[in-house]
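> fold the following.
(one chain, ligands or ions: 1)
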Amino acid sequence: IPVDPFELVVFGGTGDLSYRKLLPALFQRDRAGQIVGPSRILAVSRRDLSEDAFRNATRDAIERFVAPADRDPGGVEAFLKRVCYTAVDGNGDAGWTDLKDKLSKDSDFVRAFYLAVNPELFGPICAGAGRHGLITDESRVVIEKPIGKDFATAQTVNEAVGAVFDEHQIYRIDHYLGKETVQNLMALRFANALFEPLWNAAHIDHVQITVAESIGVEGRGGYYDTAGALRDMVQNHILQLLCLVAMEAPMSMDADAVRDEKLKVLKALVPIDSHNIDRMTVRGQYAAGASAGGAVNAYADEIKGESSTTETFVALKAEIANWRWAGVPFYLRTGKRLAERVSEIVIAFRPIPHSIFGGGAGSIVANHLVIRLQPDEGVKLWLMIKDPGPGGMRLKHVPLDMSFAQTFAARNPDAYERLLMDVIRGNPTLFMRRDEVDAAWGWIDPILSTWRAGGDMPKSYTSGTWGPSASVALIERDGRTWHEEA
Ligand code: BG6
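The predicted model follows:
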């Protein structure tokens, strides 16, 4: 369904996110016929760049980041007609009048500002847009993480943006929420009668959420070294996944209904501080090792050989203090330079109470629901089944297996495609509300400050492994193991 005519102003329009994600995503939506009429994308940065040079750079980006099967020269050229470029100083006054002149005077146009820039510029850019009269009733602003580096700095960012835009006009992107498989979590839970009666402490033993990456910091060391895995991945993506797994059924898909339920989960997280930090967290940092492409450097070497206390891996045991989840641990882990790229959620059900097959209940593997977010997107429900044959009642642990690639012929759209169109449609369901960001920082801050006060170095792990052995110990202490597929 086509969206209303819009103008999307991308600050940081010549940056990595813009070329790698935003422009390819908009190209796909244009090609699919969702972007119609006079809609345009106005890229903005401080650099002096001609319209032609920007269009050429956009063409190159599409060739680099869009698979050949998903692009055609005619479609690319048609899309390029929608893009243009203007130099604007987000921190000052230069260029704003040119930008204003390029924007349509038609107040029915949706006008969206996408801030793909350093968060320090969020405030100044919003103020600039206000000062130069660029904000209409149909305006909205999209901001990328990191929103602050702790609760206090997040307040500063949110106040600065909130001074110009109302909360309903602010779209805080967490691109994980735009992933098809993440949206499917809600379908799985709330469009099937099968799971909900079992979705609680009486039937679920524990939950695992793994977001493993095989890449390192990839030239983003400057930012990453001030962030670390807890801020970069847990505060946002992983806590959002946890919320979708743990929340009560919202009344509807209405944005505030969903976000109210997620907020309750965040508020019910049991604090981790000096009393329990050693039991509940493990920090790691990658040392040299091997990845699929060959030998790789240690993190310290990638950030110019300086020693750093920044963690590139974190494992946590989170607990949710409410009726549904009391006593059910949520084991979370994420890291760079791990053995493989895999993101998945494992719902581990409780074992059967008694086995009629001999060998005790423990000889039967408990059911697992494995939701594979990426790659090889799919859902597997692991069950005990009789191994066919006359040799007696031998049981086997096998999956009911739904693969997205095999079930659906369509291309799996990138998260940004959905999220950018939602901004234009004015649907904030898949975006974080301010109080969610605050509550997430409220749980993360004591972990950060306790680590800081301890002053320890993260534990070293060899690149290409599953992180420090202490993360295995974290779950094995409880008599459980990280899910591994045979
Ligand atoms: C980003 C993080 O938010 O998510 C990166 O800043 C990380 O460090 C990326 O690599 C992972 O996203 P995806 O979609 O590749 O899983």
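
> all contacts plus neighbour counts: C-alpha atoms, from now on.
Will do.

> surely Ala315 is in contact with Tyr331?
Yes - when contacts are counted by Cα atoms under 8 Å, Ala315 is listed as touching Tyr331 (7.2 Å).

> in the stretch 101-250 of the chain, which spans are strands?
Taking DSSP state E, counting those that start in this stretch as the criterion, the stretch 101-250 of the chain carries its strands at 110-115, 139-143, 170-172, 204-212.

> format those as a markdown table; extra columns: mean pLDDT.
Supplementary listing: the strands of the stretch 101-250 of the chain in a markdown table, determined by pLDDT from 0 to 100:
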| stretch | mean pLDDT |
| --- | --- |
| strand 110-115 | 96 |
| strand 139-143 | 96 |
| strand 170-172 | 97 |
| strand 204-212 | 98 |
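
> mind putting these into CSV with distance to Gln285?
Written out in CSV, the entries for the strands of the stretch 101-250 of the chain read as follows (distance: least, Cα to Cα, whole Å):
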stretch, distance to Gln285
strand 110-115, 30
strand 139-143, 29
strand 170-172, 29
strand 204-212, 14
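
> would CSV of those strands with mean neighbour count and distance to Ala292 be doable?
Converted to CSV, the strands of the stretch 101-250 of the chain look like this (neighbours: other Cα atoms under 10 Å; distance: least, Cα to Cα, whole Å):
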stretch, mean neighbour count, distance to Ala292
strand 110-115, 24, 34
strand 139-143, 22, 34
strand 170-172, 24, 34
strand 204-212, 22, 14
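
> more crowded one of Ala315 and Tyr331?
Ranked by neighbour count (other Cα atoms under 10 Å), Ala315 and Tyr331 place Ala315 first, with 27 against 24.

> could you find the closest non-adjacent residue to the more buried one?
Nearest non-adjacent residue to Ala315, counting by Cα to Cα, 6 or more residues apart in numbering: Arg333, 4.1 Å away.

> tell me which helix or strand that neighbour sits in.
Remark: Arg333 resides in strand 330-335, with elements defined by DSSP states H and E.

> okay, now the sheet partners of that strand, with direction.
For strand 330-335, the paired strands and their directions (DSSP bridges) are strand 204-212 (parallel), strand 313-318 (antiparallel).

> which residues touch the helix or strand just after it?
Toward the C-terminus, strand 330-335 is succeeded by strand 342-349 as the next helix or strand (DSSP H and E). Residues outside strand 342-349 that contact it (Cα atoms under 8 Å, 6 or more residues apart in numbering) are 203-213, 366-375, 483.

> what does stretch 60-74 give?
Applying Cα under 8 Å, 6+ apart, the external contacts of stretch 60-74 come out as 19-21, 23-24, 27-28, 76.

> before we move on, back to that, closest to Ala94 out of the strands of the stretch 101-250 of the chain?
Between Ala94 and the strands of the stretch 101-250 of the chain, the shortest gap by Cα to Cα is with strand 110-115, which sits at 17.4 Å.

> now do the closest one and strand 139-143, the angle between them.
Using axes from the mean of the first three to the mean of the last three Cα atoms, to 10 degrees, the direction of strand 110-115 lies 20 degrees away from that of strand 139-143.

> assign Gly33 to helix, strand or coil.
Per DSSP: H, G, I helix; E, B strand; the rest coil, the local secondary structure of Gly33 is coil.

> correction: the previous question concerned Thr86.
What three-state DSSP gives for Thr86 is strand.

> so what's it bridging to?
Beta-bridge partners of Thr86, as defined by DSSP bridges: Val44.

> dump the residue contacts of it.
Applying Cα under 8 Å, 6+ apart as the definition, the contact partners of Thr86 turn out to be 42-45, 49, 51, 95, 98-99.

> if you set the cut-off to 7 Å instead, what comes out?
Thr86 is in contact with 43-44, 99, counting by Cα atoms under 7 Å, 6 or more residues apart in numbering.

> just the buried members of those?
The neighbour-count test (16 or more other Cα atoms under 10 Å) applied to the contacts of Thr86 identifies 43-44, 99 as buried.
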